[in-house]
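# model the structure of this input:
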Amino acid sequence: MSTTLVKGFVAASFCFSVIFLGFKHYQANDKPRCEDFGDKCVKFTILHTNDNHGRFWHNKHNEFGMPARASLIKSIREEVSKQGNDVLLLSGGDINTGVPESDLQDAVPDFIGMNLMKYDAMAVGNHEFDNELSVLEMQRKLAEFPMLSANIYKTDPNTNELVRYFEPYKIFNVGPLKVAVVGLTTKDTAKLGNPQFIAGLTFTDPLTEMKQVIQEIKQGNKADLIMAVTHMGHFIIGNHGSNAPGDVSLARGLNKGDLQAIIGGHSQNPVCMEPFSNRYSNFKAGKECTPDIQNGTFIMQAYEWGKYVGRADFEYFDNKLHLANYELVPVNITEKDSYSKRKFIEDYIEPDPEVKAKLQPYQDKGQEKLDVKIAKISKRLDGDRKKVRFQQTNLGQLIATAHKEAHNADFGIMNSGGVRDSIEKGDVSYRDVLTVQPFGNEVYKITMKGEDVADYLGKVASNQIESGAYAQLIGLKMNVNCKRKTVNIAEINGKTFSKNDTYTFTVPGFNAAGGDGFPILVGSSKQYPDAEVIDNSGLIDEKVMYQFLTEKSENNTKTINIDEFEPSTTDVIYSNSKDVRGCKLN
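Model (predicted):
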């Protein structure tokens, strides 16, 4: 297998504990090389993936999938082993949520696939908390590798003290070296995870925890090298916006040389940089990739869904870690040719027969139910992340309408983060519904006085665009003051608004419990004591959408006119904002 050389960083500051060197750099500058140190130079390879999101099987274009990934990893292991070197295989987390076959089976096939590929460790992602903790515990027992996170705590029932919920790190023997791999999870999990499931957990500051763990490892002389496997996201020069700080902030917040590398996830992008800059390169499948380096720490991320396997070939000599080669190896990625026909950009990787045979029953299970056609739509329902988190869309409006009508409420609210995909024009299957609404959230009905409704909407409707908290709204006519976080409501459900009247609305249970930073409407911490909540109706979001589409299409006998759900540009007006589509203050 050919390996793409990473275009070198000039090692002007050779005193750094971690220096990036390419072969061209060795030749041009006559610096020490691995072979100059003989047996004292240790070579090893780290392979990594992240944000699997249920993609254990190949897609309709035969792209990616765990069986093909297993073949690729096996071939790299064999190559590295012949050279007498070791391999570590790591995941940046988010194994759960995204594909119906996986969602319906609690990601069991995904963890089985990871076991078959012999992953060494994974970071705990925020989507590991999309289900009840009993599901996470099942996955934890199923996994033949540790789930790592140093910054997630639970309360010990015996001592009432906080204790770590997962192992903070794992020490691996890599040739004569001991390599510590520390796990970290985005602090945003506290608002991204379902509050109904994570109420008993505490998510602490990753940087603080990392400093403590590094100190513990150093004091105990436990490892020669310290690396991190994280689910925190890569944000250029640490500009994380409304997100919690990510990998760049972590690297910059530590003493130089304390952390050799970060294998990341969460932002779901290929971390490929323009050399000598803090800018992303225009990375394309099969092309060169230069990882980020901040404060002497390499930062790597392999896009998403197992589309690529990140490969980092390291050399340790002269008491320093050097990155000899780095690439993102595509897993059966295709592109369209001049005739719009798809072709593989590199040689097709034959799926591993053992892995394919083990996962085939999970892929087959439930296919008949998933592929049943339930409706036909006149045009595309837009749920693309770059649209639905920035503006009202027809799919966001349809979902909010379905929720509103299911409860016969006055208006509906849908968080854009809960809309996970689009639905193309034509036939709609149950699979499409589950792909759009994979979380199994109950749809809550809230009854609230007008005065409290205005206060609540002021907080919710002013959530910033770009975030999952951006609200899709139906049944309202109002002006949102983005700076003051207040609303001036004209009408609700076609009737003039009054602070003295009582209104009903729908909201996903995730948000009613405080998810995405919404005001809490349930439990002992509810912020509106007089609010009445129906939370035991059994109305689950994907079932509500399924029923709505079935009824609108009269059991698939007529095409649904999607023009009915095109958002109005005058119902909700955003003022004091840099964007007319929603609140944007920065």
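
# when you work out contacts or count neighbours from here on, use the C-alpha atoms and nothing else.
Will do.

# my read: T186 touches G246, true?
Yes: taking CA atoms under 8 Å as the definition, T186 is a contact partner of G246 at 7.3 Å.

# domains in the chain, by residue range?
Domain assignment for the chain by automatic domain parsing gives 43-363, 372-575.

# now mean pLDDT, mean neighbour count and distance to N586 too, for those domains, in JSON lines please.
Formatted as JSON lines, the domains of the chain follow (pLDDT from 0 to 100; neighbours: other CA atoms under 10 Å; distance: least, CA to CA, whole Å):
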{"stretch": "domain 43-363", "mean pLDDT": "95", "mean neighbour count": "20", "distance to N586": "9"}
{"stretch": "domain 372-575", "mean pLDDT": "94", "mean neighbour count": "20", "distance to N586": "10"}
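
# JSON lines for those, including distance to E35?
Output for those, formatted as JSON lines (distance: least, CA to CA, whole Å):
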{"stretch": "domain 43-363", "distance to E35": "9"}
{"stretch": "domain 372-575", "distance to E35": "48"}
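
# what about the helices in the stretch 451-586 of the chain?
For the stretch 451-586 of the chain, helices defined by DSSP state H, counting those that start in this stretch occupy the ranges 509-512, 541-552.

# show me what the longest helix seen in the chain is packed against.
Longest helix in the chain by number of residues (criterion: DSSP state H): helix 66-82. If you count contacts as 3 or more CA pairs under 8 Å, 6 or more residues apart in numbering; DSSP states H and E, helix 66-82 packs onto strand 42-49, strand 86-91, helix 108-117, helix 353-364.

# switch the ones you listed over to JSON lines; also include distance to I423.
Formatted as JSON lines, the helices and strands packed on helix 66-82 follow (distance: least, CA to CA, whole Å):
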{"stretch": "strand 42-49", "distance to I423": "27"}
{"stretch": "strand 86-91", "distance to I423": "30"}
{"stretch": "helix 108-117", "distance to I423": "24"}
{"stretch": "helix 353-364", "distance to I423": "21"}
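
# for R69, find the nearest of these.
R69 lies closest, by CA to CA, to one member of the helices and strands packed on helix 66-82: helix 108-117, at 8.3 Å.

# that closest one - contacts with which helices or strands?
Judged by 3+ CA pairs under 8 Å, 6+ apart, the packing partners of helix 108-117 are helix 66-82, helix 100-103, helix 133-142, helix 353-364.

# how far does the second one sit from the chain's center?
Per CA atoms, centre = their mean, to the nearest Å, the displacement of helix 100-103 from the mean C-alpha position of its chain is 16 Å.

# same thing with the last one?
Centroid separation between helix 353-364 and its chain, computed with CA atoms, centre = their mean, is 25 Å.

# one more: the first one?
Centroid displacement of helix 66-82 relative to its chain, using CA atoms, centre = their mean, is 25 Å.

# orientation of it relative to helix 353-364 in degrees?
In terms of direction (axes from the mean of the first three to the mean of the last three CA atoms, to 10 degrees), helix 66-82 departs from helix 353-364 by 160 degrees.

# list of residues touching helix 66-82?
By CA atoms under 8 Å, 6 or more residues apart in numbering, the list of residues contacting helix 66-82 from outside reads 1, 44-45, 47, 55-58, 86-87, 113, 116-117, 306, 309, 331-332, 349-353, 355-356.

# list the contacts for the residue nearest to the spatial centre of the chain?
With distances taken as CA atoms, centre = their mean, H266 lies nearest the centre of the chain, 4.1 Å away. Residues near H266 by CA under 8 Å, 6+ apart: 50-51, 92-94, 125, 231-234.

# which of the residues you listed sit farthest apart?
Within those, D94 and H234 form the most distant pair, 15.0 Å apart (CA to CA).

# list the residues that contact the closest residue to D103 other than its chain neighbours.
Among residues not flanking D103 along the chain, T97 sits closest, at 5.7 Å (CA to CA, 6 or more residues apart in numbering). Neighbour list for T97: 53-54, 103, 107, 127, 130, 438-439 [criterion: CA under 8 Å, 6+ apart].

# and K369, helix, strand or coil?
K369 carries the three-state label helix when classified by DSSP: H, G, I helix; E, B strand; the rest coil.

# show me the contacts for the residue nearest to it when sequence neighbours are not counted.
In space, and not counting its chain neighbours, K369 is closest to Y430: 7.2 Å by CA to CA, 6+ apart. The contact partners of Y430, by CA under 8 Å, 6+ apart, come to 369-374, 546.

# in JSON lines, list these along with distance to V174.
Converted to JSON lines, the contacts of Y430 look like this (distance: CA to CA, whole Å):
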{"residue": "K369", "distance to V174": "47"}
{"residue": "L370", "distance to V174": "45"}
{"residue": "D371", "distance to V174": "46"}
{"residue": "V372", "distance to V174": "50"}
{"residue": "K373", "distance to V174": "52"}
{"residue": "I374", "distance to V174": "53"}
{"residue": "Y546", "distance to V174": "51"}
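
# out of those, who's nearest A402?
Nearest to A402 among the contacts of Y430 is Y546, at 9.3 Å by CA to CA.

# thinking again about what came up before, for the residue nearest to K369, give me phi and psi.
Per-residue torsions, Y430: phi -60, psi -30 (degrees, to the nearest 10).
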